[in-house]
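J.: sequence and predicted structure, then a few things I'm wondering about:
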Amino acid sequence: MNGSSDDDRTLRRRDLLGSAGVAVVTASAGCFGNDDGTQSANGENAVVVGPGGSYAFEPSSQTVAVGDTVTWTWDSANHNIVVSAQPDGADWTGTDGDGSKTYDTDHVYEYTFETAGTYEYYCQPHEGLGMVAEVVVEE
């Protein structure tokens, strides 16, 4: 065999492996939640705080039903949840500390939404960087 045949065969293997990797990522994309605010495939209403060290909540908009619990999990440090707006009669306070306390990687916070409407929140240290989000609670 000459060198170009080996190169062609290697290229085809790389193409095949690359295509297989794309297929696996595409097929599993719905298993980890999404950015359109719908429920994740495992039935949990989950938000990642600071994914990959970014200044964001993922997803930035979450739609849930009255009585659903949303779970926020910190993927990076020095973030919190401060409530900026909520429906009349709601009592969500966000994470403890009134914006002065932040939490580190792997912190988990949960809240069960009992009042329909739109809840807006932000990370106090990173609001100016666009770290804002909302939960829309429907009946």
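T.: Noted; the coordinates are in hand. Numbering: from 1, shown residues only.

J.: how does this structure divide up, domain by domain?
T.: Listed domain ranges for the chain are 1-31, 33-138 (source: automatic domain parsing).

J.: those domains: lowest mean pLDDT?
T.: Among these, domain 1-31 has the lowest mean pLDDT, at a mean of 43.

J.: give me every residue that touches the closest residue to residue 107 other than its chain neighbours.
T.: Counting by C-beta to C-beta, 6 or more residues apart in numbering, residue 74 is the residue found nearest to residue 107 once chain neighbours are left out, at 4.2 Å. The C-beta positions use only the backbone N, C-alpha and C, and glycine is treated the same way. With contacts taken as C-beta atoms under 8 Å, 6 or more residues apart in numbering, residue 74 has the following neighbours: 49, 50, 103, 104, 105, 106, 107, 108.

J.: the first one reaches residue 57, doesn't it?
T.: Yes - Residue 49 is within contact range of residue 57, at 6.0 Å (criterion: C-beta atoms under 8 Å).

J.: need the overlap of contacts for these two.
T.: Common contacts of residue 49 and residue 57 (C-beta under 8 Å, 6+ apart): 72, 123.
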